[in-house]
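Novice: The following comprises the amino acid sequence and a computationally predicted model.
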Amino acid sequence: DQTGDDVFSGQDTGAQNSQGILSCIHCQCLISNEEPDIMNHSKSCPEVPRPDLSYRYCCYACFYHSLYNSDMKRHIRKHTGQKPYKCPCCNYRATTNAGLKSHVNARHAMLAI
């Protein structure tokens, strides 16, 4: 498990890197685990070949790439374990707002958002 999270329950079971520092597999640059820093690096890493526009954002931890900022943000959360969307009814956390809405509709139908 790359993130230390229980993927099925959505519960955070521990961060990938407790110091908050990540290493880019492409250039070995050290990056803060803050989303804006990761996004900035994914757009500017000098060691990633970018043959076309689909390589606008390149993941620091694997070979995923995307033209879209929102797709890359969603993707990097798989590596960092960041789940910024918290359920108002329980301890569940999600990587996307859509994931949270799906959870609320399934588990707390009377309170659907």
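Specialist: Right, received. Where do you want to start? Numbers count the residues shown, from 1 in each chain.
Novice: drop to CA atoms for contacts and neighbour counts, all remaining ones
Specialist: Fine.
Novice: quick one: contacts for residue 22?
Specialist: Going by Cα atoms under 8 Å, 6 or more residues apart in numbering, residue 22 touches 30-33.
Novice: redo that, cut-off 6 Å
Specialist: For residue 22, the contact set (Cα atoms under 6 Å, 6 or more residues apart in numbering) comprises 30-31.
Novice: Please shift the residue numbers so they start at 48 in all later answers.
Specialist: With the count now opening at 48, the last piece we talked about shows up as residue 69.
Novice: and the helix or strand where it lies, what's its mean pLDDT?
Specialist: Here residue 69, judged by DSSP states H and E, is contained in strand 68-70. Taken as a whole, strand 68-70 has an average pLDDT of 95.
Novice: Equivalent analysis for stretch 75-86, please.
Specialist: Stretch 75-86 shows a mean pLDDT of 95 in the predicted model.
Novice: Note down every partner strand of the strand holding residue 69 and its orientation.
Specialist: Taking DSSP bridges as the criterion, strand 68-70 sits next to strand 77-79 (antiparallel) in its sheet.
Novice: and for the strand it pairs with, what are the contacting residues?
Specialist: For strand 77-79, contacts defined as Cα under 6 Å, 6+ apart pick out 67-70.
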